[in-house]
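Q: need a 3D model of the sequence below.
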Amino acid sequence: MIKKGSIVIRAIIFVTISAVILGGLIYIGKSYGSGEVYRKLIIAKEIALILDAIYAYPYDSLVYYEKDLTGLIVEVSNNKVIVYNAQFNNRNLDPTSVDYSFIPTTINKINAKLENPKKIKFQKFNDIIILKNEIDKQ
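A: From the prediction side, this is the model:
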């Protein structure tokens, strides 16, 4: 026999889980509808291509990626570029996070986390690639 109190607790748990799932589905739908997911994918692909080009270029180089990525976090580690929403502050919490692979570097491992970058500076010096969140000085 089920007690009356346990039915109420089960109902509260059911309603809470349903609200979380519904909220997640609404967020994902809005992200796809507004084009945010495709924007994240384009950003991840462009950054991966820049890293591939800089790594393949035999000389020292300096490249600026001048897109305002406010509201996003860009993580580059080993051989992946990961782009996700800054309000989640964790890639695993953002259901619309995007990652894109690039050719892994053999000389140095790239590990960078750029929050709300306005301009990303890619610098290669002596075969070491460094990424920085560059701030405009006006």
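Q: for the spatially most central residue of the chain, which residues make a bridge with it?
A: In the chain, the residue lying closest to the centroid (CA atoms, centre = their mean) is residue 83, at 1.6 Å. For residue 83, the beta-bridge partners under DSSP bridges are residue 74, residue 98.
Q: distance of it from residue 48?
A: 10 Å (CB to CB, to the nearest Å). All C-beta spots, glycine's among them, are computed from the backbone N, C-alpha and C.
Q: same question for residue 99.
A: Using CB to CB, we find residue 99 at a distance of 9 Å from residue 48.
Q: between these two, which contacts overlap?
A: The contact sets of residue 99 and residue 48 overlap at residue 81 (CB atoms under 8 Å, 6 or more residues apart in numbering).
Q: the more surrounded of those two?
A: Using other CB atoms under 10 Å as the criterion, residue 99 and residue 48 rank with residue 48 on top: 19 against 16.
Q: touching, that one and residue 81? I think so.
A: Yes - Residue 48 lies in contact with residue 81 (CB atoms under 8 Å); the separation is 4.8 Å.
Q: buried residues, the lengthiest helix in the chain. List them.
A: Scanning the chain for the helix with the most residues, using DSSP state H, yields helix 4-34. Residues of helix 4-34 classed as buried under the neighbour-count rule (16 or more other CB atoms under 10 Å) are residue 31.
Q: next: stretch 60-75.
A: Counting neighbours by 16+ other CB under 10 Å, one finds that the buried residues in stretch 60-75 are 65, 67, 69, 72-75.
Q: tell me the SS of residue 124?
A: Secondary structure, DSSP: H, G, I helix; E, B strand; the rest coil: residue 124 is strand.
Q: now do the contacts for it.
A: Remark: with contacts taken as CB under 8 Å, 6+ apart, residue 124 is in contact with 54-55, 57, 60-62, 130.
Q: can you pull out the low-pLDDT segments for the chain?
A: Low-confidence segments of the chain (pLDDT under 70): 1-2, 106-108, 135-138.
Q: quick check: domain ranges of it?
A: Following automatic domain parsing, one finds the domains of the chain at 1-34, 40-133.
Q: would you mind measuring the gap between the ends of the longest one?
A: The reference is to domain 40-133. Terminal residues of domain 40-133 are spaced 17 Å apart (CA to CA, to the nearest Å).
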